[in-house]
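Engineer: coordinates for the following, if possible.
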Amino acid sequence: MRTTIRIDDELLARLKEQALRKRIPFTRLVNQILRGSLQADRRSTARKQQYHEETHPFGTPLVSLNKAVALAAYFEDEESVRKMAMRK
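Structural biologist: All right, here's what the predicted structure looks like:
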């Protein structure tokens, strides 16, 4: 199949040089490189495994977690006040 692609001038020169060194047509070299890249991508995707984090029980919480954001904000405010008091 014929198609048109835009290749950077430097890359085109390197490809042509490599095709001459290997004594193969430019089209065959481009096809080999593309095919190899796609196969490598497929292999690396196949090697990726889904990440699984092991969980551990911590028992019953000592505080209600229904308002965890409010509790975190309270402690953050307390820390901010403490830091400001230290600057004086």
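
Engineer: drop to CA atoms for contacts and neighbour counts, all remaining ones
Structural biologist: Will do.

Engineer: how about the helix or strand of the chain with the lowest mean pLDDT: buried residues?
Structural biologist: Taking mean pLDDT, DSSP states H and E as the measure, the chain has helix 26-47 as its least confident helix or strand, at a mean of 85. Using 16 or more other CA atoms under 10 Å as the burial criterion, the residues of helix 26-47 that qualify are 26, 29.

Engineer: now it, how far from the centre of its chain.
Structural biologist: Chain-centre distance of helix 26-47: 20 Å, with CA atoms, centre = their mean, to the nearest Å.

Engineer: one more: stretch 79-88?
Structural biologist: 39 Å.

Engineer: using CSV, list the CA coordinates for the helix or strand encompassing Val81.
Structural biologist: Taking DSSP states H and E as the definition, one finds Val81 inside helix 68-87. Taking C-alpha atoms only, helix 68-87 is exported to CSV below (Å, rounded to 0.1, in the frame of the first residue of the first chain):
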residue,chain,number,x,y,z
ALA,A,68,-12.8,12.3,58.2
VAL,A,69,-12.3,15.3,56.0
ALA,A,70,-13.5,17.6,58.8
LEU,A,71,-11.2,15.9,61.3
ALA,A,72,-8.2,16.2,58.9
ALA,A,73,-9.0,19.9,58.4
TYR,A,74,-9.2,20.4,62.2
PHE,A,75,-5.7,18.9,62.7
GLU,A,76,-4.3,20.9,59.7
ASP,A,77,-5.7,24.1,61.2
GLU,A,78,-4.2,23.3,64.6
GLU,A,79,-0.8,22.7,63.0
SER,A,80,-1.0,25.9,61.0
VAL,A,81,-1.7,27.8,64.2
ARG,A,82,1.2,26.1,66.0
LYS,A,83,3.6,27.0,63.2
MET,A,84,2.4,30.7,63.2
ALA,A,85,2.9,30.8,67.0
MET,A,86,6.5,29.6,66.6
ARG,A,87,7.4,32.4,64.2
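
Engineer: that's all I had, so thanks and see you.
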